[in-house]
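In: 3D, please:
(one chain, ligands or ions: 1)
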Amino acid sequence: MTIKSREVRLVARPSGLPAHSDFRIEELAVPDPGPGQVLVRNDWMSVDPAMRGRMRDVPSYVPPFRLGEPMEGGAVGTVVESHADDLAVGDQVLHRLGWRDYAVLDGEHTLRVDTRKAPASAYLGVLGMPGLTAYVGLKEIAGVREGDVVFISGAAGAVGLVAARVARHLGAATVIGSAGGPEKAGRLVREFGYDRAIDYKAGPISRALRDAAPEGIDVYFDNVGGDHLQAALSSLRIGGRVALCGAISQYNAEKPTPGPTNLLQAVRMRLTLRGFIVMDHADRRDEWVDLASGWLEDGSLTSTQTVVEGLEHSVDALLGLLGGANVGKMLVRLNPDAT
Ligand SMILES: NC(=O)c1ccc[n+]([C@@H]2O[C@H](COP(=O)([O-])OP(=O)(O)OC[C@H]3O[C@@H](n4cnc5c(N)ncnc54)[C@H](OP(=O)(O)O)[C@@H]3O)[C@@H](O)[C@H]2O)c1
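Out: Numbering: from 1, shown residues only. Below you'll find the predicted structure:
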């Protein structure tokens with residue numbers, strides 16, 4: 001029996017905010033898996049800010065999406081046919097061929113996930129790439145220590161929510177987060193373990209950060225860039241550390257955006273600013289999964305997701321992510337039966 005699969009293709013490179021017309025869904029017959037390959041029914045897929053970067057035709061740490069070709073990204077699914085020695089029908093695997101209902105790929109390009117630790121979808125969020133990003137960024141890059149005052153931007157997102165819990169585990173005395181809108185900001189403190197929250201849409205972030213941390217901050221975990229980085233530079237104490245994780249405020253910019261005008265603070269205050277890419281730290285994955293699944297079990301970490309239903313709404317999910325529609329990890333449920 002021929003299996004049909006839909007896939008989402010990029011058909012135009014967006015200028016500014018992507019539009020639905022930049023994408024097209026096509027339906028094709030799924031090829032038979034060859035030797036060493038598996039056929040996977042995708043259950044969940046991830047949408048990530050980095051996908052916006054891959055729509056630009058510029059060299060980066062991952063190649064750009066090719067026009068007219070299906071997009072790629074993290075997905076978890078169930079093996080429905082296997083020609084790979086170590087994978088069986090029914091196994092749940094993590095892989096890079098999201099944006100489609102079914103994927104045919106080499107078994108060695110998948111990673112079996114342990115659903116006794118957490119549901120498979122958690123391996124796209126808290127136990128997956130975003131969780132590892134928060135862990136590596138705070139532990140290795142910023143070196144959070146006992147007593148630190150830590151400021152996290154993009155605080156209500158996939159990386160941000162985990163970062164607050166990691167900061168606490170590393171001994172942070174105060175964890176401050178910024179997010180867009182009063183509702184999200186309120187939830188940061190009520191539900192997600194932050195001590196103080198800033199609604200960056202309510203006024204200048206620099207003043208709000210000074211009010212939230214009158215004595216200054218020791219660590220800034222930067223998901224946003226722009227005005228947030230500028231504000232953090234002005235609030236960092238001597239020897240402060242910045243983990244440069246992302247700059248989502250600039251991802252849809254049509255022209256180069258000006259850098260912070262107060263970089264001299266780094267000299268005055270002996271600051272360290274260090275960028276990182278999580279894929280360089282893939283060897284820490286097992287350590288993170290073990291640690292985080294323990295924290296999930298004892299309740300000191302939670303898996304928070306925003307779910308959009310169906311591949312036909314995957315572009316809505318991406319646009320929603322860029323516009324702040326998510327709390328925690330933004331996911332698309334591709335298989336209506338997936339739990
Ligand atoms: N370095 C790495 O290896 C690595 C790995 C993963 C992720 N990242 C980066 O980490 C950051 C967070 O990623 P994520 O996957 O956790 O996404 P996310 O935070 O779950 O989702 C993106 C969030 O960005 C916020 N946002 C959108 N436009 C904004 C703007 N102009 N100013 C401030 N906030 C804005 C929105 O929240 P609000 O409602 O609060 O605006 C939105 O919910 C991104 O910058 C991403 O590129 C880096």
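In: Get me the contact residues on the stretch 51-200 of the chain for the ligand.
Out: Residues of the stretch 51-200 of the chain found near the ligand (C-beta under 6 Å from any ligand atom) are Pro130, Thr133, Gly154, Ala156, Gly157, Ala158, Val159, Gly160, Ala179, Gly180, Lys184. Every residue, glycine included, has its C-beta placed from N, CA and C.
In: Which of those residues sits closest to the ligand?
Out: Ranked by distance to the ligand (C-beta to the nearest ligand atom), those are led by Gly157 at 1.8 Å.
In: check contacts around that closest one.
Out: Pro130, Ala179, Asn223, Asn326, Val327, Gly328 (C-beta atoms under 8 Å, 6 or more residues apart in numbering).
In: For it, give its distance to Gly53.
Out: From Gly157 across to Gly53, the span is 16 Å (C-beta to C-beta, to the nearest Å).
In: and if you look at Ala253?
Out: Noted for Ala253: a distance of 12 Å to Gly53, by C-beta to C-beta.
In: More neighbours: which of the two?
Out: A direct count of neighbours by other C-beta atoms under 10 Å for Ala253 and Gly53 places Gly53 higher, at 16 against 12.
In: which of the residues in the helix or strand containing Val189 are buried?
Out: Here Val189, judged by DSSP states H and E, is contained in helix 182-190. Across helix 182-190, burial judged by 16 or more other C-beta atoms under 10 Å covers Lys184, Ala185, Arg187, Leu188.
In: For it, name the packing helices and strands.
Out: strand 174-179, strand 196-199 (3 or more C-beta pairs under 8 Å, 6 or more residues apart in numbering; DSSP states H and E).
In: That one: how far from the chain's middle?
Out: Helix 182-190 sits 20 Å away from the centroid of its parent chain (C-alpha atoms, centre = their mean, to the nearest Å).
In: residues making contact with that helix?
Out: 155-156, 164, 177-179, 194-199, 202, 324, 327.
In: angle of that helix against strand 174-179?
Out: 160 degrees (axes from the mean of the first three to the mean of the last three C-alpha atoms, to 10 degrees).
In: and the residue nearest the centre of the chain, what does it touch?
Out: Residue closest to the average C-alpha location in the chain (C-alpha atoms, centre = their mean): Pro130, at 4.1 Å. If a contact means C-beta under 8 Å, 6+ apart, then Pro130 has Asp48, Leu124, Gly157, Ala158, Val159, Val162, Lys329 as its contacts.
In: Now Tyr123: closest residue in space, sequence neighbours ignored.
Out: What sits nearest to Tyr123 in space, not counting adjacent residues and going by C-beta to C-beta, 6 or more residues apart in numbering, is Val113, at 4.6 Å.
In: what about the one you found, neighbour count?
Out: Val113: 22 surrounding residues under other C-beta under 10 Å.
In: wait, it sits on Leu124?
Out: No: with contact defined as C-beta atoms under 8 Å, Val113 does not count as touching Leu124 (9.6 Å).
In: Give me the common contacts of the two.
Out: Common neighbours of Val113 and Leu124 (criterion: C-beta under 8 Å, 6+ apart): Val76, Leu94.
In: where does the nearest residue to Met330 once chain neighbours are set aside fall, phi/psi-wise?
Out: Leaving aside its chain neighbours, Met330 sits nearest to Leu321 (4.4 Å; criterion: C-beta to C-beta, 6+ apart). When read as degrees, to the nearest 10, the backbone of Leu321 gives phi -60, psi -50.
In: same question, Met129
Out: Torsion angles, degrees, to the nearest 10, at Met129: phi -60, psi -50.
In: Give me the nearest residue to it, chain neighbours excluded.
Out: Excluding the flanking residues, the one nearest Met129 by C-beta to C-beta, 6+ apart is Val278, at 5.9 Å.
In: show me where the stretch 151-300 of the chain has strands.
Out: Using DSSP state E, counting those that start in this stretch, the strands of the stretch 151-300 of the chain run over residues 174-179, 196-199, 217-222, 236-244, 272-275.
In: Let me have those strands in a markdown table, adding mean pLDDT as columns.
Out: A markdown table is the format used below for the strands of the stretch 151-300 of the chain (pLDDT from 0 to 100):
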| stretch | mean pLDDT |
| --- | --- |
| strand 174-179 | 98 |
| strand 196-199 | 98 |
| strand 217-222 | 99 |
| strand 236-244 | 98 |
| strand 272-275 | 98 |
